[in-house]
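Undergrad: using only what follows, build the 3D model:
(chains A and B)
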Protein chains: 2
Amino acid sequence: MVNPGNVVIGQSGGPTAVINQTLIGVVKAALAEPKYFRKVYGAIHGIQGIIDENFCDFALEDPANLEVIAGTPSAALKSVRLKPTPEVCSQVLERFKQHDVRFFFYIGGNDTAETAHIINEMAAQDGYALTCMHCPKTIDNDLRVTDHCPGYGSAAKFVAQAFMGDNLDNRSMGGIKINVVMGRNAGWLTAASALARIFPDDGPHLIYCPESDFSMPQFGGDVLKVYQRLGRCVIALSEGIHGIGGADIVDLGETDSHGNKQLSGSGALGDYVAAQLKSFLGRAQPGAKHRIRADTFGYLQRCFPGVTSEVDAAEARLAGTAAVAAALAGSTSGSIAFRRTGEGEQYGIDTFVTPLRSVAKETKAMPRDWLNAAGNDVVEDRLMPYLRPLVGRLPAIGRLAMKGAKQA
Amino acid sequence: MVNPGNVVIGQSGGPTAVINQTLIGVVKAALAEPKYFRKVYGAIHGIQGIIDENFCDFALEDPANLEVIAGTPSAALKSVRLKPTPEVCSQVLERFKQHDVRFFFYIGGNDTAETAHIINEMAAQDGYALTCMHCPKTIDNDLRVTDHCPGYGSAAKFVAQAFMGDNLDNRSMGGIKINVVMGRNAGWLTAASALARIFPDDGPHLIYCPESDFSMPQFGGDVLKVYQRLGRCVIALSEGIHGIGGADIVDLGETDSHGNKQLSGSGALGDYVAAQLKSFLGRAQPGAKHRIRADTFGYLQRCFPGVTSEVDAAEARLAGTAAVAAALAGSTSGSIAFRRTGEGEQYGIDTFVTPLRSVAKETKAMPRDWLNAAGNDVVEDRLMPYLRPLVGRLPAIGRLAMKGAKQA
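TA: Reported below is the predicted structural model:
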């Protein structure tokens, strides 16, 4: 028996290209059940908006426009990075009581699940009936329990297409190219660069993820070997790479309210590694001129419009719909998770509810054995069956047969 | 009366997303006239491939695959950055004589036109009948004479979509975001960021191009004003910005064989400007915490597959076809240029041949009055009618009305 009441929906953490699919999934499903969900509010800037009583009313939105918003990247309700201190969470709960909010849908990553979890526990202690559902999103794909995360497929598609283009660029121009990919704790997104490989000599030729310790001398040797073979080398480097014991490669300083270090929004890591590589190769091949370039994909990876995975978009919508369905079915807290029901052509998922604490705070790395022993590439046989269905179709890439050429 | 002979096609300089449309345009048109074009060769790595006699034979390519290649970004014949010294050019001419090459189609930018021009002059002096046609390409859109350049529309589309996504990201998260856009001498590509503006408060809020001198104090003041008004600011910064008299903002060292400085493939400019801005804002608003991030779009801008302008692709094909038609019509040298035949809904182009020397070496900046007097934005009324038809449709972007909210 579900007690009726008002609904608050919020979005939190770094945005994705499909985070509004989840939002509109929740909104439409909630608006469809006015018997249980009386008012459907959007909190602007997540818990900050709740504290400030900055709510919009979804009943007043143009229904046709909601579908345009679903297809628009980045949090339409705006996001927040506010540490869920006891004071903050008790203020949120106070607002919920004042506005008879009985359902809280919070779309975000592990920090967001943590916030929902704290508020949920607080409400239970107070004896205030509140349903707290977390809807997963993260381009990092590092939430626990779920098979994969909404937002990842689209970011992975962007990374794959970026490497496709960059591999072609590098093939035509030669030289060494380092591309730094997002992913603080896990190499999921960096690993997706392997989708760019169509022909046997295509890059990325080397892939470095945080699941394996990074060593500059090994890296230099790896690049040299590829460069000597092909005259070029494309490298996918996770922004989360670290030395033994998690040691920083380069200290970037700034941290956010959750204690996370600033990794993106700076070219520092790529430039540092490029400079180190230049002096390594200069010593290894004295007199040779090495053209080394580093690009840091940065924020483009998470919100690029027009490069969205259709599967990801549909699943993100489902995460929202399923959260409302779970609340209607009597769940009072939890996070929506995906389970695969088939592989390859039979790929499909269903959803289930996992406890908030099971996804809060901690993250999930890629299995170490999805990387090779040297830690400089993925194991395609393990990664690709998992990854391909999430990304879907990629652009067709052709090359000339170059018959008659001395050296193709 | 056209003398029959063999054909060499090459690609040179930085690649674009549609440079193979031009290639396949030349190839198909040439293969269709075997009476005049006996063998149709591709030079692998441009003039380097000619010197090395590294030719592929297009008659041996699978015709169906040629269309896949046309849709594939980056030079399918591979590119080259070799300075066209007299020695180099006379070696090229020597090879042409050895292989009875009477038609040279060279696809590239102003440096490429210069190379074709030198070879053409040399052949004339020798009394060797050689037709040298230059087919334009450059994402920088900075070739003289032509209305616009193949490759620009697709790169502009990428930049527009990147800014659309990044503006949405910034709107949800707040803070200050600097995006560094390619364009050594001209702001055409940076200016295309203005296409990302859909709603009145959308970024980029400030646009800086090399057509106007850049001053750090003015920049700091500009950003502060936007930030105080919106709580956020998205900035488009050309990699080619410079101080008064062309002074470097930050010295990046390395130069290529044409004496061009390395601008891309490093986050140095963005990181430097971000750091300077941070200290400026720290002085202007003591105690306030400014979240400043810089992304450098880098090489992604020029070869991203799947984000191609349809108009650009069709026009790039036309540039190739027109070059062959011009050679058949008796042109013995020249560069293909575009002339607009209509604006807006009536947009269209036709092609004409301009002398090689008219596009060689020098580049064309944006008209200064397409930027505002302060040099911190474009003049949309002037830019947009020119730009929109080249880019075509962009993804639909929606936002919530946020009715009922205290602060939307």
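Undergrad: chain A: helices as residue ranges?
TA: Along chain A, counting by DSSP state H, helices occupy A:19-31, A:46-51, A:63-70, A:86-98, A:110-126, A:152-173, A:188-191, A:216-230, A:268-284, A:300-303, A:310-328, A:356-359, A:380-391.
Undergrad: quick one: those helices as JSON lines, columns for distance to residue B:284, mean pLDDT and mean neighbour count too.
TA: Placement of C-beta: from N, CA and C, glycine included. Converted to JSON lines, those look like this (distance: least, CB to CB, whole Å; pLDDT from 0 to 100; neighbours: other CB atoms under 10 Å in any protein chain shown):
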{"stretch": "helix A:19-31", "distance to residue B:284": "33", "mean pLDDT": "98", "mean neighbour count": "27"}
{"stretch": "helix A:46-51", "distance to residue B:284": "25", "mean pLDDT": "98", "mean neighbour count": "24"}
{"stretch": "helix A:63-70", "distance to residue B:284": "36", "mean pLDDT": "97", "mean neighbour count": "16"}
{"stretch": "helix A:86-98", "distance to residue B:284": "29", "mean pLDDT": "97", "mean neighbour count": "17"}
{"stretch": "helix A:110-126", "distance to residue B:284": "31", "mean pLDDT": "97", "mean neighbour count": "22"}
{"stretch": "helix A:152-173", "distance to residue B:284": "35", "mean pLDDT": "98", "mean neighbour count": "28"}
{"stretch": "helix A:188-191", "distance to residue B:284": "36", "mean pLDDT": "98", "mean neighbour count": "30"}
{"stretch": "helix A:216-230", "distance to residue B:284": "39", "mean pLDDT": "97", "mean neighbour count": "16"}
{"stretch": "helix A:268-284", "distance to residue B:284": "24", "mean pLDDT": "94", "mean neighbour count": "18"}
{"stretch": "helix A:300-303", "distance to residue B:284": "29", "mean pLDDT": "96", "mean neighbour count": "28"}
{"stretch": "helix A:310-328", "distance to residue B:284": "40", "mean pLDDT": "98", "mean neighbour count": "23"}
{"stretch": "helix A:356-359", "distance to residue B:284": "41", "mean pLDDT": "98", "mean neighbour count": "21"}
{"stretch": "helix A:380-391", "distance to residue B:284": "44", "mean pLDDT": "98", "mean neighbour count": "18"}
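Undergrad: which one of those lies nearest to residue B:249?
TA: Shortest separation from residue B:249 across the helices of chain A is recorded for helix A:268-284, at 15.9 Å, computed as CB to CB.
Undergrad: put the alpha carbons of the closest one into PDB.
TA: The C-alpha coordinates for helix A:268-284 follow below in PDB (Å, rounded to 0.1, in the frame of the first residue of the first chain):
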ATOM      1  CA  ALA A 268      48.400  19.200 -17.500                       C
ATOM      2  CA  LEU A 269      48.600  15.400 -17.400                       C
ATOM      3  CA  GLY A 270      48.700  15.000 -21.200                       C
ATOM      4  CA  ASP A 271      51.300  17.700 -21.600                       C
ATOM      5  CA  TYR A 272      53.400  16.300 -18.700                       C
ATOM      6  CA  VAL A 273      53.400  12.700 -20.200                       C
ATOM      7  CA  ALA A 274      54.100  14.100 -23.700                       C
ATOM      8  CA  ALA A 275      57.200  16.000 -22.300                       C
ATOM      9  CA  GLN A 276      58.400  12.900 -20.400                       C
ATOM     10  CA  LEU A 277      57.900  10.800 -23.500                       C
ATOM     11  CA  LYS A 278      59.800  13.200 -25.600                       C
ATOM     12  CA  SER A 279      62.900  13.100 -23.400                       C
ATOM     13  CA  PHE A 280      62.600   9.300 -23.200                       C
ATOM     14  CA  LEU A 281      62.500   8.900 -26.900                       C
ATOM     15  CA  GLY A 282      65.200  11.500 -27.400                       C
ATOM     16  CA  ARG A 283      67.500   9.300 -25.200                       C
ATOM     17  CA  ALA A 284      66.400   6.100 -27.000                       C
END
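Undergrad: what residues does residue A:215 make contact with?
TA: Residues near residue A:215 by CB atoms under 8 Å, 6 or more residues apart in numbering or on different chains: A:243, A:244.
Undergrad: re earlier: of all the helices of chain A, which lies closest to residue B:143?
TA: Among the helices of chain A, helix A:152-173 comes nearest to residue B:143, with 19.6 Å by CB to CB.
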